[in-house]
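Peer 1: I would like the atomic coordinates for the input below:
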Amino acid sequence: MSTWDYETDVVVVGSGSAGLTTAWTAAKCGLDALVIEKTEYYGGNSAMSGGGAWMPNAPELLRQGQRDDPKNVLQYLRNIAPEVDQARHQRFVEEVPKISAALETTPHFRGGYYWGKGYSDYHPSKGGNPLGRGLWPKPMDLRTLKQEARDLRGSALMVGAPKGVWMTSAEVSDLIRVRWGASLRRYKMMMKMGWRKVHAHLTGAEMITSGRSLVARLRLAVRDAGVPLWLKTPMKSLIVEQGAVIGVNAEKDGKPIRICARRGVMIAAGGFEFSPELRAKFQPLLGGVGHSHGSPGNTGDGIMAGADIGAAIDLMDDAWWMPAIDTPGSARPTVMERQAPNQFIVNVEGKRFVNESGPYTDFGHAVLAGQARGVDHNKFYMITDHEAWTHNLIASHVPGMPMPQAWLDHGTVVVADTMEELAKKIGVPSAALVETAARFNRFAAAGRDDDFHRGESAYDNFYGDHRQNNPNLREVNKPPYYAFRMVLGDLGTKGGLVTNENAQVLDKQGRTIPGLYAAGNSSASVMGHSYAGPGATIGPAMTFGWIAAHVMAGRNTTMTQELAAVSA
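Peer 2: The predicted structure is shown next:
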């Protein structure tokens, strides 16, 4: 007979969107739940992220006239990730509207989402929606959290911005669109930012957006449901009796604690992006952890705890890759930079190797493919001209501001009057870079990229210059020229515990391990090696947390009248 220090129905390991959704749903299903978090902050990668959630047929999308035939959504997922068990795709498509509707019954999510119209799914040619299926949390005042505010993990976005200066994802798009003139729009944007600073000074408001807003809303819902959250409480191992997981060994206040989980344990502790050992083992091509934008606590503890009791793992070689500019102290993720015109990206051979404006995970796969061919891709270069420098946002640098000396000292950027000189400074073959530039410029002049089809996708176009036929292409021909050193970063790893459509963890023979569940980046992604659209990490993380809690409660997820009213 086991002796316990604490007993509950559901133990949730990790406090990101997957974990908090599991805990809230468990409470709504009548179960007692406990969330334990390894670090001193809650929120994980979800809090650091843009906060978007890919949620086809969510109530807010229906209100916007964006009703999808579930068969079409399922076919899209099959098109981009055929290696994934179809039952998982099917269950996600069925359940994702329900969790979104359920959260809207709380005061914290009622009216709390907006649709990112025009932020396309990442693969519209394979069945994705060019208008997008991503939802983002609206801004909220951090003070609403009261004492829990200090423990919310910080954002990886707009780091160092002055107090009161904040933007939603939609406003970032507006900011990009004012760079090519549009003086009225620029004036309105400046006035908006100025008013926000004044408002913050006068009222003390601390507005948060993106992932922090999402996690704050989930934290409030969990708090209202009476679920405790223990910080600085790492799980050490799973407790198994007669083949079933019945609890966890953890550490609280520096002391061992045995926690009973009568209905199940949810592993939602993130990936392994900050484990040098695991990355060297499973991702040997690039290895290292110096360029990850995930939560520092993600060292694969939950994944390995499952593997230690016989759970199967998969997709460990992959991640939510993100090319980044190598700036001093950190690498800056690039999305808008790569979709802007007046730039192309080359490897150490001085050659283009990818559609620069495409989805970031696809970009990462191209880097890895090059590395596998024996071409060093531990660094590559974004080549721009002076027109780009004076018009494009690059690594948060605002056009018109001086070149940061630290960038020059660090080698983040080098400047030259000719392509030949630029090639010598960055150590790539001069003839190759000159020819690459000439070929790219011919494509740009024609508005068609014959090599990589850049600009042919609605996704590519989002942050481009929409005044021209191909928003992503313009010649690089106005000296001086700039070369920005880039590296392959990530937003977290996507490999983990293998689960079925109920979020139940499977062993190496494909059998369920009783009492063990996984979601988020602790589970092998339902997106496989692909990425459906903005928020295709968070949307499934929340959905499979919702599913797991219902399974633990022995209840189905049939939509009640209340949820149906929200979805109507």
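Peer 1: phi, psi of the residue lying closest to Gly520 once chain neighbours are set aside?
Peer 2: The shortest distance from Gly520 to any non-neighbouring residue, by Cβ to Cβ, 6 or more residues apart in numbering, is to Ala18 (3.2 Å). Every C-beta, even on glycine, is put in place using the N, C-alpha and C of the backbone. Per-residue torsions, Ala18: phi -70, psi -50 (degrees, to the nearest 10).
Peer 1: if I look at Ala18, how far off is Arg91?
Peer 2: 15 Å (Cβ to Cβ, to the nearest Å).
Peer 1: worst mean pLDDT across the helices and strands of this structure, which element?
Peer 2: Least confident helix or strand of the chain, by mean pLDDT, DSSP states H and E, is helix 561-567 with a mean of 60.
Peer 1: if I've got this straight, Val415 is in a strand?
Peer 2: Yes: under DSSP: H, G, I helix; E, B strand; the rest coil, Val415 falls within a strand.
Peer 1: isn't it up against Pro480?
Peer 2: Yes: taking contacts as Cβ atoms under 8 Å, Val415 lies within contact range of Pro480: 5.2 Å.
Peer 1: tally up the residues packed near Ser125, please.
Peer 2: 12 (other Cβ atoms under 10 Å).
Peer 1: what about the residue lying closest to it once chain neighbours are set aside, how many neighbours?
Peer 2: In this structure, Ser125 finds its nearest non-sequential neighbour in Ser457, 6.6 Å apart by Cβ to Cβ, 6+ apart. By the measure other Cβ under 10 Å, the count of residues near Ser457 is 22.
Peer 1: contacts only, for Ser457.
Peer 2: 120, 123-125, 357-358 (Cβ atoms under 8 Å, 6 or more residues apart in numbering).
Peer 1: point out where the stretch 1-150 of the chain drops to low pLDDT.
Peer 2: For the stretch 1-150 of the chain, the stretches with pLDDT under 70 are 1-2.
Peer 1: return the members of the contacts of Ser457 classed as buried.
Peer 2: 120, 123-124, 357-358 (16 or more other Cβ atoms under 10 Å).
Peer 1: may I see the residues you listed arranged in TSV, with secondary structure as well?
Peer 2: Shown next, in TSV, are the buried ones among the contacts of Ser457 (three-state DSSP):
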residue	secondary structure
Ser120	coil
His123	coil
Pro124	helix
Ser357	coil
Gly358	coil
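Peer 1: and of those, the nearest to His550?
Peer 2: Proximity of the buried ones among the contacts of Ser457 to His550 (Cβ to Cβ) peaks at His123, which lies at 30.3 Å.
Peer 1: burial check on the residue lying closest to the closest one once chain neighbours are set aside, number of neighbours?
Peer 2: Closest residue to His123 apart from its sequence neighbours, by Cβ to Cβ, 6+ apart: Ile80 at 5.4 Å. Neighbours of Ile80 under the rule other Cβ under 10 Å: 22.
Peer 1: same check on Asn500?
Peer 2: Asn500: 16 neighbours (other Cβ under 10 Å).
Peer 1: next up, the contacts around it.
Peer 2: 85, 87-88, 506, 512.
Peer 1: and what of Ile538?
Peer 2: So Ile538 contacts 17, 46, 49, 51-54, 214 (Cβ under 8 Å, 6+ apart).
Peer 1: neighbours around the residue lying closest to it once chain neighbours are set aside, how many?
Peer 2: What sits nearest to Ile538 in space, not counting adjacent residues and going by Cβ to Cβ, 6+ apart, is Ala53, at 4.5 Å. A count of nearby residues for Ala53, using other Cβ under 10 Å, gives 29.
Peer 1: do the same with Arg223
Peer 2: Neighbour tally, Arg223, other Cβ under 10 Å: 16.
Peer 1: which ones are touching it?
Peer 2: 148, 229.
Peer 1: distance-wise, check Ala553 relative to Ser210.
Peer 2: Taken as Cβ to Cβ, the span from Ala553 to Ser210 is 31 Å.
Peer 1: have a look at those two and say which one is more surrounded.
Peer 2: Neighbours per residue (other Cβ under 10 Å) separate Ala553 from Ser210, with Ser210 holding more: 26 against 19.
Peer 1: show me what the closest residue to Pro404 other than its chain neighbours is bridged to.
Peer 2: Spatial nearest neighbour of Pro404, chain neighbours left out: His397 (7.1 Å); criterion: Cβ to Cβ, 6+ apart. Counting by DSSP bridges, His397 is bridged to Ile394.
Peer 1: how close does His397 sit to Glu337?
Peer 2: His397 is 10 Å from Glu337, by Cβ to Cβ.
Peer 1: just Leu220 next, same as before
Peer 2: 35 Å.
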